[in-house]
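Enquirer: No sequence on hand, only this structure:
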């Protein structure tokens, strides 16, 4: 340990503050655990910041999630909302006005009291266009900001510009900030620069289950129990149970697996199928257990370049777009791809085939009526013939002008699974007479071609939503959306089906009745499956593991798969303290 770079305070676990009579403690459900001990987990890189206002990278967000809290929380295990810093709330019948009742008598991790002023201050910061927080766009409805007003020491009113069906879920994205520590930095225009990784832990306070204890760059970041945390177990014991959580910086998944096998890490998340198979062989002997949680919210897909290339000098791609724009061509490609082989060969069976963008892991929004058509080369050939394609005597597929059907798929070799998917697609389409070439490029180069130059023909990509709700997907499925990857230049919908998706995605944002809203999104899924703007392929399973000595472990398929309930995790290998 490099003492010169160690930032720490308090050598011992902080003494718990017994719940007071005027403290609005949230009593949780679940088993009662044991207090004490340390949990060792891993991060693939150092966090860039500990500031919720500036964090965009995954390691920063993972640590920040344990230091701060939100008003209304999306429970990762159920995918439903639940009370958090707001103990209750009510909305107007029109769905525009929300009143949140805050918890009384609770404190930040430095002991300073929390109230409505902190909430109003937090929203002011996140909504300030000069701050450029990643949350700002989420806090706009219909292009206008949400109005926030304090109506009592523990009451806050929110006025939405228009009805918004997922309004409750917006509050999950806002980590509440301590006004007493950050107001001056905000007034000086420096709010985005505070709370870097070199900050003295005593200067950072949140409302999460843990607080920062020490950080050794490149080695570890240690969190200790927040003695003022506002949750308790069914027996009235203040949470969290653990004294500490230590994040070890482990750069690669292979290194992470080795450390997990050696017992240096207590839980492991986002394991690839190959490493899962390796760990599975030794789980009984090594005293750990692996969990296949089934499909999460990630969907991997193939898509063709449907951008408007009129301003680009890309004539070869423009010519091939005559094929790509034919729905029969895309349907034929989809029919020819052997999704079951992808599941078996790429993921060792630990993935689920997909025909649209909503995975079985999304319990609230999946359309179970979407047909799962088996692979059919005969159907693919019929579709191609109906679109004017024929096979020459040498087996090569040609279009109506006699041009051979030949195109490339971009991949990034650093993602071995998607490269393998592209290779299987290449082999499957060869059986239709298509000549497909795999073009490996570094990931950033692939992104530049997709989002900037449009210099590509097809690619395999994956997206994962942070929430089960449809609204985070609006930018993917509506024309002009920032992640409308197959046609980023499409500002106005050309095909009728795209216009219908646009209308449905916008309409569902304001439908307050869940059943009616789901009908709208079910139809979006039908359109995606029918017209294949992207050809959905598989959803990788959520693969995680934990030592048998970790109690309360319940992996989820959204959010942080293994630490979403970190405040209720405990060690079973400690002597029980009373």
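Expert: Happy to help now that I have it. From a predicted model like this one, the values you see are computed outputs, not experimental measurements.

Enquirer: Pull the contacting residues for the residue nearest to residue 160 when sequence neighbours are not counted.
Expert: Leaving aside its chain neighbours, residue 160 sits nearest to residue 96 (4.7 Å; criterion: CB to CB, 6 or more residues apart in numbering). Using the backbone N, CA and C atoms, a C-beta is placed for each residue, glycine as well. Contact analysis of residue 96 by CB atoms under 8 Å, 6 or more residues apart in numbering lists 159-163.

Enquirer: Any figure for the gap between residue 96 and residue 520?
Expert: Residue 96 is 20 Å from residue 520, where distance means CB to CB, to the nearest Å.

Enquirer: just residue 258 next, same as before
Expert: 48 Å.

Enquirer: if you count what's nearby, which of these two comes out ahead?
Expert: A direct count of neighbours by other CB atoms under 10 Å for residue 258 and residue 520 places residue 520 higher, at 18 against 15.

Enquirer: would the more buried one count as being in a strand?
Expert: No: per DSSP: H, G, I helix; E, B strand; the rest coil, residue 520 lies outside any strand segment and is helix.

Enquirer: picking up where we left off before, adding secondary structure, write the contacts of residue 96 out as CSV.
Expert: Listed next are these as CSV, based on three-state DSSP:
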residue, secondary structure
159, strand
160, coil
161, coil
162, coil
163, coil
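
Enquirer: now the residue nearest to residue 160: how far from residue 234?
Expert: From residue 96 to residue 234 the distance is 37 Å (CB to CB).

Enquirer: Identify all residues paired with residue 295 through a beta bridge.
Expert: Residue 295 forms beta bridges with residue 541, as assigned by DSSP bridges.

Enquirer: hang on, it packs against residue 360?
Expert: Yes: look at residue 295 against residue 360 with CB atoms under 8 Å: they come within range, at 5.1 Å.

Enquirer: okay, and the common contacts of these two?
Expert: Counting by CB under 8 Å, 6+ apart, the residues touching both residue 295 and residue 360 are 352, 539.

Enquirer: of those two, who's got more company?
Expert: The residue with more neighbours, out of residue 295 and residue 360, is residue 295; 22 against 14, by other CB under 10 Å.

Enquirer: can you count the residues close to residue 76?
Expert: 19.

Enquirer: who's in contact with it?
Expert: 556-561, 564-565.

Enquirer: can you confirm it is in a helix?
Expert: No: using three-state DSSP, the assignment for residue 76 is coil, not a helix.

Enquirer: Next one: it from residue 541, what distance?
Expert: For residue 76 relative to residue 541 (CB to CB), the value is 16 Å.

Enquirer: do residue 460 as well
Expert: 18 Å.

Enquirer: go on, residue 69?
Expert: For residue 69 relative to residue 541 (CB to CB), the value is 30 Å.

Enquirer: ok, those two, which is more surrounded?
Expert: Legend: neighbour count by other CB under 10 Å for residue 69 and residue 541, higher for residue 541 (26 against 23).

Enquirer: what's the nearest residue to residue 523 if we skip its chain neighbours?
Expert: Nearest residue to residue 523 in three dimensions, chain neighbours excluded: residue 504, at 5.7 Å (CB to CB, 6+ apart).

Enquirer: List the buried residues of the helix or strand hosting that neighbour.
Expert: Using DSSP states H and E, residue 504 sits in helix 496-508. Applying a neighbour-count criterion of 16 or more other CB atoms under 10 Å, one finds 497-498, 500-502, 504-505, 508 buried in helix 496-508.

Enquirer: I figured residue 273 hits residue 347, correct?
Expert: Yes: with contact taken as CB under 8 Å, residue 273 and residue 347 are classed as touching, separated by 4.5 Å.

Enquirer: Please enumerate the shared neighbours of these two.
Expert: Taking CB under 8 Å, 6+ apart as the criterion, residue 273 and residue 347 both touch 417, 540-541.

Enquirer: would you turn these into TSV with pLDDT and distance to residue 515?
Expert: Shown next, in TSV, are the shared contacts of residue 273 and residue 347 (pLDDT from 0 to 100; distance: CB to CB, whole Å):
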residue	pLDDT	distance to residue 515
417	94	37
540	97	30
541	97	29
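
Enquirer: could these be laid out in CSV, adding distance to residue 290?
Expert: As requested, those are exported to CSV (distance: CB to CB, whole Å):
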residue, distance to residue 290
417, 18
540, 15
541, 11
